[in-house]
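Colleague: Give me a 3D structure for the following:
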Amino acid sequence: GKKGWSEWDRIDYDGECDRLDEESLKESGFTDQDIQGQRIMEIVQDDTLEDADKMKRCMALAGHPDWKPSPVTEEERKRKAGEKFLRVMEDKRRSTEEKMAYIAAHAESLGFPSVPPTPKE
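Modeller: I've put the predicted structure just below:
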């Protein structure tokens, strides 16, 4: 039987790949714990995810799908914004222009007074 496109769309490719990965890892002698540790490392190292998202995914993997992060305090939010700011400033791949744009966009959340652009003479 030939499959129509709509049938192909219903396949969960990521889920299938994970399942096959898991089977081949088990055949190689890895335990469920080894595999879970590997998945958690992948989540933690994924720079596209926010910290809360990483925690949520790791907790779900660890068997706590209903875990909710505790509300972030203002102090914690400022600290995280500061840490992210330093990471951006220290990132050698970013241009000076990119860093300046980041500062301008996040000035208030970082606690800097917003500076109006100086008019050119």
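
Colleague: center of this protein, which residue is that?
Modeller: L49 (1.2 Å; C-alpha atoms, centre = their mean).

Colleague: sec struct for that residue, please.
Modeller: Look at L49: counting by DSSP: H, G, I helix; E, B strand; the rest coil, its state is coil.

Colleague: Any chance of the backbone angles for it?
Modeller: Taking degrees, to the nearest 10, you get phi -100, psi 140 for the backbone angles of L49.

Colleague: That one: what's it in contact with?
Modeller: 43, 57 (C-beta atoms under 8 Å, 6 or more residues apart in numbering). (Glycine included, C-beta is placed from N, CA and C.)

Colleague: now it: how far from K56?
Modeller: Using C-beta to C-beta, to the nearest Å, L49 is found at 9 Å from K56.

Colleague: what helix or strand does R57 sit in?
Modeller: helix 51-61 (DSSP states H and E).

Colleague: Just the buried residues of that helix, please?
Modeller: 55-59 (16 or more other C-beta atoms under 10 Å).

Colleague: Look at the residue nearest to the centre of the chain and report its pLDDT.
Modeller: Looking at L49, its pLDDT reads 84.

Colleague: circling back: from the buried residues of helix 51-61, which single one is nearest P69?
Modeller: Ranked by distance to P69 (C-beta to C-beta), the buried residues of helix 51-61 are led by M55 at 5.9 Å.

Colleague: Export the buried residues of helix 51-61 as JSON lines, with columns for pLDDT and distance to T31.
Modeller: Converted to JSON lines, the buried residues of helix 51-61 look like this (pLDDT from 0 to 100; distance: C-beta to C-beta, whole Å):
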{"residue": "M55", "pLDDT": "89", "distance to T31": "24"}
{"residue": "K56", "pLDDT": "90", "distance to T31": "24"}
{"residue": "R57", "pLDDT": "90", "distance to T31": "21"}
{"residue": "C58", "pLDDT": "89", "distance to T31": "18"}
{"residue": "M59", "pLDDT": "90", "distance to T31": "20"}
